[in-house]
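> sharing a sequence plus its predicted fold:
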Amino acid sequence: MGWLVAVGAIVGIALALQAGLAAFAGYVVLGSYLLSRWLSRQWIENVEAQRHCPSEPLEVGASVEVELQVRHTGRWPTLWVLAEDLFADEYLQQRPPAVQIKGHRLQLISLWPGQQRRWRYRLTFQRRGYYPVGPTLLESGDVFGLHRRFRIIGSPTYLLVLPRMWPLQRYDFVSRRPTGEIRLHQRLFEDPTRTAGVREYQVGDPLSRVHWKVTARMGQLHCRVYEPTTLAGATLLLDFHHNVYPARGEPYRSELAVTTAASVAYTLSLLKQPVGLVSNGRDAAVRIQEESALTPSETPEEQSLGQEQDRDQLHQRFALRQAQSHLQPVVVETRRGIDQLIQVRETLARLELNDGLTFAALVSVMAPRLPRDATILAILPHVDEGAATALSMLRRLGFAVSVLLILPEQIHTWQAVGRLTAAGVHDVRIITSEADLIQGGQSVTAATGPAPYSLDIPLA
């Protein structure tokens, strides 16, 4: 608009002074200005972009090829257009980077009417997560550099990268349910619903164990022998509060916590036992949906932006922003089945650190909804007084509680164990690596507590 006012003023002064040459020059500048403005709008509006990218879930370390196709649909050739497939910089700036990109997401091309250009680049995912690819940013302008036009085309493609999971060689967490489907080596409890055989009566045997039919047939008192079994289901309480994961240990510690949760869920799935998940983290899919709701919808004319907004401003505008609404706990109800494992694993893949509920507040909110049949497995990177008090409350409510400490610092290990022991939680394991995880963790014996069941599980 400033150019138009300036040229109009020059032409008006030239006509008033009867300066024909100056007026002619003003006409030329004004015509060039209007022509370049029209061309820049035509060039940017007559270009379409389309992205081809598989959207099925991926494993950590997998690669996917993204193809971007740009096509000209107008009648006038486009001298230049800069096309870029947007990708969040936060994934590339992490150390180590969560995603490696091979190829070019940005291309400078020229197009004739009906012509199309294609190029590919490859994404390699080094970490689990929920990654948006796109939308596509187009930039064009006139040959004089007077106008620049930007346009956002299409919607992002979301890629889900699932966390690693390993089958545990031993699952020996405590349970308060002596009845279930899994046979045990230690006969601490016997399942009265499963008869393994009969034996002769011994002094002290209760009458409820007497097998009267065999007694009548043999003429001597015989008692039933029951199989020792237990219910191996568990509800995973994963602490994913931002404050308990120091920056110097990230992202290794948080990823190890997620891998631990996924591995326990996988092992329980192999045993055909129920598993559930409760966390105070945030779901990336819910966060992105809330952020999209905060962004006003725009028409194609409004998406063609003027010169006052440059590329950096558009990057900030479509970058990942923190949702303003309060995030609720991430909950997967405790059930059994292969579909349950898939749901737990996909939820863990989308889980992000959150600064909302603390672990103590999470337990207080979710305690009435936790099933009492399953063991509570708390996966914690740090144990403060609030967390210990919350676990003590669960024990008083009748839950069997075990704790997995994720890579605790040497100076804080026994402090955490002491707090848990004071709270009545004696089954504490330390996970420092995936090798420890496969072995079931390093057991810490701080006090004499209930002996855990021993259950050998063959590797899948």
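Alright, I've got the coordinates. In this text the structure is predicted, and so the values were computed from the model without any measurement.
> what separation do you get for the residue nearest the centre of the chain and Pro371?
Nearest to the geometric centre of the chain sits Arg350, at 1.7 Å (Cα atoms, centre = their mean). The gap separating Arg350 from Pro371 is 23 Å, by Cβ to Cβ, to the nearest Å. C-beta coordinates here come from the backbone N, C-alpha and C atoms, glycine included.
> hey, where'd the strands end up in the stretch 201-350 of the chain?
222-226, 229-230, 234-238, 275-279, 282-283, 330-335 (DSSP state E, counting those that start in this stretch).
> which of these sits closest to His211?
strand 222-226 (5.0 Å; Cβ to Cβ).
> just the buried residues of the closest one, please?
Residues His222, Cys223, Arg224, Tyr226 are the ones in strand 222-226 that count as buried (16 or more other Cβ atoms under 10 Å).
> now swap in stretch 342-358 and tell me
343-354, 356-358.
> state the mean pLDDT of that stretch.
The average pLDDT within stretch 342-358 is 92.
> start to end distance for it?
26 Å (Cα to Cα, to the nearest Å).
> kindly report the same for stretch 393-412.
22 Å.
> same check, this time on stretch 362-375
End-to-end for stretch 362-375, by Cα to Cα: 17 Å.
> my guess is Ile288 meets Pro132, correct?
Yes: Ile288 is within contact range of Pro132, at 6.8 Å (criterion: Cβ atoms under 8 Å).
> list the contacts for the closest residue to Arg253 other than its chain neighbours?
Residue nearest to Arg253 in three dimensions, not counting chain neighbours: Leu407, with 5.0 Å by Cβ to Cβ, 6 or more residues apart in numbering. Residues in contact with Leu407 (Cβ atoms under 8 Å, 6 or more residues apart in numbering) are Gly249, Tyr252, Arg253, Leu256, Pro381, Ile431, Thr432.
> mind checking which of those residues are buried?
Buried among these (16+ other Cβ under 10 Å): Arg253, Leu256, Pro381, Ile431.
> what sits against the second one?
Residues in contact with Leu256 (Cβ under 8 Å, 6+ apart) are Ile406, Leu407, Ile431, Ser433, Glu434, Leu437.
> isn't the residue nearest to the centre of the chain up against Leu160?
Yes: using Cβ under 8 Å, Arg350 is in contact with Leu160, at 7.0 Å.
> what do those two both touch?
Joint contacts of Arg350 and Leu160 (Cβ under 8 Å, 6+ apart) are Tyr130.
> run through the stretch 301-450 of the chain and note the low-pLDDT ranges.
301-327, 408-411, 445-450 (pLDDT under 70).
> from Asp436, how far out is the residue nearest to the centre of the chain?
26 Å.
> now do the helices in the stretch 51-200 of the chain.
89-93 (DSSP state H, counting those that start in this stretch).
> quick one: low-confidence ranges for it?
143-146, 172-194.
> and Ala88, how many neighbours does it have?
For Ala88, the count of nearby residues is 17 (other Cβ atoms under 10 Å).
> do the one 4 residues further on as well
Around Leu92 there are 12 other residues, counting by other Cβ under 10 Å.
> do the same with the one 5 residues further on
For Pro97, the tally of surrounding residues (other Cβ under 10 Å) stands at 13.
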